[in-house]
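Undergrad: I'd like to go over a predicted model; first the sequence, then the structure.
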Amino acid sequence: MNNNNNKQNIASQSDYAPLPELAGYRFYRFTGSDEDYENIVDIVNSRYAEPDFHSKTTVEETRHDYQYHGASCKNERDILFAEKDGQVVAYCRISQDKEKDKPYYKYFSMLFVRPGFWVDGLPETLLTWCESQAVARQKAHHAGAKGEHRYHCLEKIDYKVDFITKAGYQPIRYWDTKIHTLEHIPHYALPEGFDLRPVMPSQYRAIWEANNEAFLDHWDMNDMSEEDYQTWLSYKSYFQPHLFQVAWDGDEIAAMVLPCVDGLENESRNRARAWLADISVRRPWRGRGLAKALISRSLEMLKLMNLKEAVLVVDTENPNGASKLYDTMGFVTEERGISWMKPLIE
């Protein structure tokens, strides 16, 4: 691909930032070709030994996931590849969220770099391009509104903490990943007046809406759209309604725990792990022991499935004391993540 041609093709598109330049590297945007997907998979899977590696992926899964980015990330605009000596060694992308009920926009930069190539100023070049792409989008679609750049990394990866600090970002939130070994599971019965029911497709939207409502008082809530709902339904490694534990009070959803099992993650990491992806109790039903009962039931179910551990992520400043609740249930902190922010200046 010729960089000059690429530049000419996007010259008239105001929400496209120019391609970066770095000696020894060639940069180009995502085109949707089979080769692009193969390069993404190759880079992701090459990071197997990295401490923040999640799971191996496939072209099929990546193609499925990337088609649901929607307005948050337009792949052809917001994904950039870096090539050196004929080998694609990194890619980056940005996505955007809008804060709940406010004209305030957050742009998340994600960098995927092949081991051995966090050098030559490449990460800095990728991050700078992500920031430029965010500014281009903000100017084109939300001129005059405020916004910020975001980045996330694990606290234990010193070189990434140093990298993002030098780029002018400040830590704004901490997230603990907590793990339960599925031994010594405390038992809490479901309070009287509530019942559990198998989840039916006709209930999917009600579950989605009840969960979003329950999180309205949490930090960093975003506007949710129909596109977000369809994306939720599409992620099969996350959306597994046969595992959902939903407590009903008559015709009202009171609380839920939404477990999921990522088969590719378990296979690539050689473990038997489940995630408690969402745990929520709606306001009228808080303080009645519903969360404990549903977590207890979920852990018991996962143990019967021969899984060996359950994991969740919690905001260390959760306004409802969730972190302490999980500790009383037998969860222990495995690692901590950091959300970073830098103001977006047009």
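TA: Yep, it's here.
Undergrad: packing partners for the host helix or strand of residue 291?
TA: Secondary structure from DSSP states H and E places residue 291 in helix 290-304. Secondary-structure packing of helix 290-304 (3 or more CB pairs under 8 Å, 6 or more residues apart in numbering; DSSP states H and E): strand 245-249, strand 252-260, strand 273-281, strand 309-315, helix 322-328. (Each C-beta comes from the backbone N, C-alpha and C, glycine too.)
Undergrad: For the ones you listed, give me CSV that also has mean neighbour count.
TA: Below are the helices and strands packed on helix 290-304 laid out as CSV (neighbours: other CB atoms under 10 Å):
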stretch, mean neighbour count
strand 245-249, 20
strand 252-260, 22
strand 273-281, 22
strand 309-315, 19
helix 322-328, 15
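Undergrad: which stretch among these comes nearest residue 187?
TA: Ranking these by proximity to residue 187 (CB to CB) places helix 322-328 first, at 13.0 Å.
Undergrad: so where do the strands sit in the chain?
TA: Ranges of strands in the chain, per DSSP state E, are 26-29, 79-84, 87-98, 104-113, 146-154, 170-180, 195-196, 245-249, 252-260, 273-281, 309-315, 332-343.
Undergrad: Now distance to residue 130 too, for those, in CSV please.
TA: Shown next, in CSV, are the strands of the chain (distance: least, CB to CB, whole Å):
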stretch, distance to residue 130
strand 26-29, 12
strand 79-84, 8
strand 87-98, 5
strand 104-113, 4
strand 146-154, 8
strand 170-180, 17
strand 195-196, 44
strand 245-249, 38
strand 252-260, 29
strand 273-281, 27
strand 309-315, 23
strand 332-343, 11
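Undergrad: Tell me which of those approaches residue 131 most closely.
TA: Going by CB to CB, the one of the strands of the chain nearest residue 131 is strand 146-154, 5.5 Å.
Undergrad: Now do that closest one and strand 170-180, the angle between them.
TA: 40 degrees (axes from the mean of the first three to the mean of the last three CA atoms, to 10 degrees).
Undergrad: got the angle between strand 146-154 and strand 87-98?
TA: Using the same axes, to 10 degrees, strand 146-154 lies at 130 degrees relative to strand 87-98.
Undergrad: Which residues in strand 146-154 does the neighbour count mark as buried?
TA: By 16 or more other CB atoms under 10 Å, the buried positions in strand 146-154 come out as 147, 148, 149, 150, 151, 152, 153, 154.
Undergrad: what separates that strand from the chain centre, distance-wise?
TA: 13 Å (CA atoms, centre = their mean, to the nearest Å).
Undergrad: Same check on stretch 215-228?
TA: Going by CA atoms, centre = their mean, where stretch 215-228 is centred and where its chain is centred differ by 13 Å.
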